[in-house]
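A.B. asks: Any chance you can model this:
(chains A and B)
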Amino acid sequence: NAGVTQTPKFQVLKTGQSMTLQCAQDMNHEYMSWYRQDPGMGLRLIHYSVGAGITDQGEVPNGYNVSRSTTEDFPLRLLSAAPSQTSVYFCASAGLGQGYGYTFGSGTRLTVV
Amino acid sequence: KNEVEQSPQNLTAQEGEFITINCSYSVGISALHWLQQHPGGGIVSLFMLSSGKKKHGRLIATINIQEKHSSLHITASHPRDSAVYICAVHYTGANSKLTFGKGITLSVRP
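C.D. replies: From the prediction side, this is the model:
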């Protein structure tokens, strides 16, 4: 089925560990983005990309890295996990510009202990 | 800072009731999205609109660009409509980036 595939669904990390959240889409969308969702707050943009080889920072980029080597994949790397990064993470993709709807991944619940 | 405000914060309704959820924003936008998130679940796009009104089943979304306001209506509400409803906007000039409201938690009682 076409859509956004996000893995893993759940992850527990120890403080200081690193990991990569995977995101892949098969809709040939130019735009891909990562968000974190915390209780009482709206979705906040971490990083985004408007095409292969192009990435930019969002609202809360510190502690995270991204790369976009292909149109399909947009992994999010946590360099040295901290308890403040405990959150639910969503990847989303869209066609470039405002005329296209968004498709979201199923989310990753990350706990940093 | 461009913001998206949603009201009410939480909403409880009885099955069958007509429900309205509101969203207001601060400056010009090119499009507005309504999203749905079930407890513990993923996020689904319900509507994207830049003017007027859209309808899908029991859901109706309207937008008034001049008043910078949108509403999501649910007719004949059902317990399966219980979810968080999120409004998000593309501010003019922001390309594909979205600014999100905090979401409204709707609970429909049988």
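A.B. asks: how about the nearest residue to the residue nearest to the spatial centre of chain A, chain neighbours excluded?
C.D. replies: By Cα atoms, centre = their mean, chain A has its centre lying nearest to A:Trp34, at 2.8 Å. Leaving aside its chain neighbours, A:Trp34 sits nearest to A:Ile46 (4.4 Å; criterion: Cβ to Cβ, 6 or more residues apart in numbering or on different chains). For glycine as for every other residue, the C-beta is placed from the backbone atoms N, C-alpha and C.
A.B. asks: so what's that neighbour up against?
C.D. replies: For A:Ile46, the contacting residues are A:Ser33, A:Trp34, A:Tyr35, A:Arg36, A:Gly58, A:Glu59, A:Val60, A:Pro61, A:Tyr64, A:Val66, A:Leu76, A:Tyr89, by Cβ atoms under 8 Å, 6 or more residues apart in numbering or on different chains.
A.B. asks: and which of the residues you listed is nearest B:Met48?
C.D. replies: Distance to B:Met48, by Cβ to Cβ, is smallest for A:Ser33 among the contacts of A:Ile46, at 15.6 Å.
A.B. asks: Count the residues that sit near that closest one.
C.D. replies: Neighbour count of A:Ser33, defined by other Cβ atoms under 10 Å in any protein chain shown: 27.
A.B. asks: List buried members of the contacts of A:Ile46 by neighbour count.
C.D. replies: A:Ser33, A:Trp34, A:Tyr35, A:Arg36, A:Gly58, A:Val60, A:Pro61, A:Tyr64, A:Val66, A:Leu76, A:Tyr89 (16 or more other Cβ atoms under 10 Å in any protein chain shown).
A.B. asks: For the least confident helix or strand in chain A by mean pLDDT, give me every contacting residue.
C.D. replies: In chain A, the helix or strand scored least confidently by mean pLDDT, DSSP states H and E is strand A:102-104, which has a mean of 91. Defining contact as Cβ under 8 Å, 6+ apart, one finds that strand A:102-104 is touched by A:3-4, A:25, A:27, A:29, A:90-94, B:33, B:35, B:42-45, B:48, B:98.
A.B. asks: Could you pick out which of those are located in strands?
C.D. replies: Mapping those onto strands (DSSP state E) picks out A:4, A:25, A:90-94, B:33, B:35, B:43-45, B:48.
A.B. asks: Only the buried subset of the residues you listed, as a ChimeraX command please.
C.D. replies: Buried subset of the ones in strands among the contacts of strand A:102-104, written as a ChimeraX selection, criterion 16+ other Cβ under 10 Å:
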select /A:4,25,90,91,92,93,94 /B:33,35,43,45,48
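A.B. asks: where's the dip in pLDDT among the ones in strands among the contacts of strand A:102-104?
C.D. replies: In terms of pLDDT, A:Ala94 ranks lowest among those, with 88.
A.B. asks: wait, that residue sits on B:Ala31?
C.D. replies: No. Contact between A:Ala94 and B:Ala31 fails when scored by Cβ atoms under 8 Å: they sit 10.5 Å apart.
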